[in-house]
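**Student:** sequence unknown, structure follows:
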């Protein structure tokens, strides 16, 4: 199997996982889907380097390693721990029903393919699915953010969004200094860590993690 | 990287670390003040020997960043003094809080100094992460809600901005060899950038950084966060962090205008700006919470800043002037809001009456600040808003002008009808609140009011008389938005002409 | 069509007609093995059909001709479809350009008559079954159609024999991910249309949870034999489409191709048996999610194929 086909397959899997995350009803499963998606993504920088005709260099290896450490191991561990300790209602209560949100998600995928068709990539990338896969992931992340009420699902939505941006970054892998990439990953991790702390406090304060009860502040 | 740049980042971080380890509250507070004062001193000293960015610097001072850095530094210095007066021992953890405050200063300095788009993003995200614990200062459900909204909306917004930066980066890949993502390199190769990707990048960055700046329609975290955060933190966010996000937008604008997309950028800047002012106008009228009211005036002023950038060099100059006065004004406004909170123990406008008779100094200062907020002469915002009106007129953008003036008038009426009774009005008969607040030591009040007075005085002074140096700094910054890095590029081209 | 092919069609047609109950038997045997039993004899479905055909018919007085027409029209529609779908070889008896649409409508016609016959009895149970059948049908049909669209896009043809023939092999090389998605979607459609486990449980004894079985409670004798046989035939036809789409080996010699297809169909039947044994039935609300999933899978495949071939 050539690098291109493998990358295509990985990206299609990524899109399917996006849609899959809209269907599952357990918080823990969503987090595991996210971890699986990140694992798939960690493979992509290596593929991009191979496509350029060279062995995966330091840069690609560090990014892949950083992604696995943070997004596959650390962040899911933190989130799963929060879900496990204390939360009684581990089911997602969506604002938009499961079937409707899957269909909506599929529509967003179509939209991102349509947008991509109008945005020609200047240089031939390793797979021409990169841009549509990235856009769909970003859009589905946003959909998760607005359509789910649990604080944890909102964090996951943000993480999906971030994964979409990560895919997009593959087009620019040789342009961004390693320092900056590491900064981005670190910021993401600290961000999620702080979010986890806030979620913990929300739970202690309200006895659950629904954000729709966070509506005290508004115009009187 | 020069020593100055290094110092600007290292000083706050060092003092922040000190705050974490020092044993007593007093020592920690003095570390805070010393840290921000040292930072201010370094900034002021950097103006005496200005060195501009070289070709492949990731960090460096250019006219725009230098100006914003100075504004932010001044605000932090005054706020640290105010905080000494405001501070009480009801913090999540004073060590963490003070360290985060200095961390915010370091992150914002880095935003102003970053010449590389990736680094710029990292710094801004670090700033919002440092600010999060500051908002969760008072604990409890309401603060938690504000913190969550702030954190989530800002993270998402900034993530979109990252996508925008990637789009800008992608527009360079058609050129041939990879171009580094520094402002200088992008501006030099601006002609060969792919316009489609640059446009998408600009829009995403405007929306993303605009969220952080508090432009409508993504401003909804702002009243919550400013209303719940302690007033000095709200002052830092409204006068400092918004400027950081503004710098980020301006960096993208610089690239766009170098690539000949100035008209496209202007259209969207003006659209977002006017929409923000209009939104603020809607929410200011009839608002019954003076801190949320102040937050909406911040939304309004962000709109004014952005509209100015969309109106050419004259507008940009007015916008820079506005940025300066916005910093001074938001600082004073939130300082006084904090004072009112201490005096009356409530946020509700309908319960706060007759400040001028209970504390004449505070009343006068509040009246002055309100006049400054609404852009009455001789305060600086009058001149900046007038500059924007003139710029719109000279460009023949009559619709913009009409909308701008109308919405500003609505905000003026809204703020004044709400706040004048707070200043004058009859003090409530039931003076039970006095008992809770009267015990405040006099020196605390003095510190708080004098901090506000310094900022208000600066605003008044710079409105009445503008020294040449200030004028030159503002002008250079404004020029650099339309023709970014002119000096540096000229310096780079020079050797090729005369070998 | 050559004379030789015409002669060859006779044994092929006989095989197509004879095979369906055998597939049911394979599924039953697989499930029995999973349950640690021996299961019914291999020819049990054939015995059942013979028994039913010998029996008399009972018609309720409240029913009309629609009730009698239901099973017959359903079987006739599927037999017509059988002439258009390649089963053992890669060409069909009566294929023509655009026959996919006819196939989809023949399946829909069969379903419509079954549903009408069920409602004709006036029984509340059957009405409920009919309502579920139609609900799920409205979601599985778009998925089937979209899968056809993908195949048509990938092979640039509208005749099912060609869509599943030689051009498909090239398409697997070009858009492998899309083809995988289509196969997954077709599998879900197959399970839904033939009332298999994640959607419906053919072995259940509780009318409230049935979908297909509850619709045919009032049919008896030969009518019920037609219905049972038609269900098996439907499994064979949809299974053939799935097998052809998943493993295109066109232009192989017929003597190796045809037996291979039989083996593949048998494997598919075993796979369905395994799925039935290892999965539990989904809650009714989740079924619509599964079908939406099939729709989304085939839709995604369509987008991918379109994107690849046009951009």
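**Tutor:** Good, I have the coordinates. Predicted model, so just to flag it, every value in this text is computed and none were measured.
**Student:** how about the helices in chain A?
**Tutor:** Using DSSP state H, the helices of chain A run over A:3-23, A:27-51, A:58-67, A:75-84, A:98-118, A:130-147, A:151-169, A:178-206.
**Student:** In terms of secondary structure, what does the last one contact?
**Tutor:** Going back to what we said before, that points to helix A:178-206. helix A:58-67, helix A:75-84, helix A:151-169, helix B:117-135, helix B:140-170 (3 or more C-beta pairs under 8 Å, 6 or more residues apart in numbering or on different chains; DSSP states H and E). Where C-beta positions appear, they are placed from N, C-alpha and C, glycine not excepted.
**Student:** and the residue most central in space within chain A, what does it touch?
**Tutor:** Chain A has residue A:160 as the residue nearest its centroid, 2.0 Å off, counting by C-alpha atoms, centre = their mean. Residues counted as contacts of residue A:160 (C-beta atoms under 8 Å, 6 or more residues apart in numbering or on different chains) are A:18, A:21, A:34, A:37, A:137, A:140-141, A:144.
**Student:** give me that answer again for 7 Å
**Tutor:** A:18, A:21, A:34, A:137, A:140-141, A:144 (C-beta atoms under 7 Å, 6 or more residues apart in numbering or on different chains).
**Student:** List buried residues within the residues you listed.
**Tutor:** For the contacts of residue A:160, a neighbour count by 16 or more other C-beta atoms under 10 Å in any protein chain shown gives the buried set as A:18, A:21, A:34, A:137, A:140-141, A:144.
**Student:** what's the closest of those to chain B?
**Tutor:** Top of the list for closeness to chain B, among the buried ones among the contacts of residue A:160 and by C-beta to the nearest C-beta, is residue A:141 at 8.5 Å.
**Student:** now for the buried ones among the contacts of residue A:160, which pair is the farthest apart?
**Tutor:** The two members of the buried ones among the contacts of residue A:160 with the most space between them (C-beta to C-beta) are A:34 and A:140, at 11.7 Å.
**Student:** who are the neighbours in contact with the residue of chain B at minimum distance from chain C?
**Tutor:** Going by C-beta to the nearest C-beta, chain C is nearest to residue B:196 of chain B, at 15.3 Å. Contact partners of residue B:196, counting by C-beta under 7 Å, 6+ apart, are residue A:119.
**Student:** cutoff 6 Å now
**Tutor:** By C-beta atoms under 6 Å, 6 or more residues apart in numbering or on different chains, the contact set of residue B:196 is empty.
**Student:** Tell me which helix or strand it sits in.
**Tutor:** helix B:195-213 (DSSP states H and E).
**Student:** Select the longest helix from chain C.
**Tutor:** Chain C, longest helix under DSSP H: helix C:124-155.
**Student:** That helix vs helix A:98-118, what angle?
**Tutor:** 10 degrees (axes from the mean of the first three to the mean of the last three C-alpha atoms, to 10 degrees).
**Student:** helices or strands next to helix C:124-155 in the packing?
**Tutor:** Contacts defined by 3 or more C-beta pairs under 6 Å, 6 or more residues apart in numbering or on different chains; DSSP states H and E place helix C:124-155 against helix C:99-120, helix C:160-163, helix C:166-174, helix C:176-193, helix C:212-215, helix C:284-310.
**Student:** Let me know the angle separating it from helix C:176-193.
**Tutor:** Going by the same axes, to 10 degrees, helix C:124-155 makes 160 degrees with helix C:176-193.
**Student:** List the buried residues for helix C:124-155?
**Tutor:** Those would be C:125-130, C:132-133, C:136-137, C:139-155, for helix C:124-155 by 16+ other C-beta under 10 Å.
**Student:** Tell me which helix or strand in the chain has the weakest average pLDDT.
**Tutor:** Picking chain A for this. Every helix and strand in chain A was compared by mean pLDDT, DSSP states H and E; the lowest is helix A:178-206, with a mean of 82.
**Student:** Chain B is the one I meant
**Tutor:** Of chain B's SSEs (mean pLDDT, DSSP H and E), minimum confidence goes to helix B:432-437, a mean of 48.
**Student:** Okay then, goodbye and thanks.
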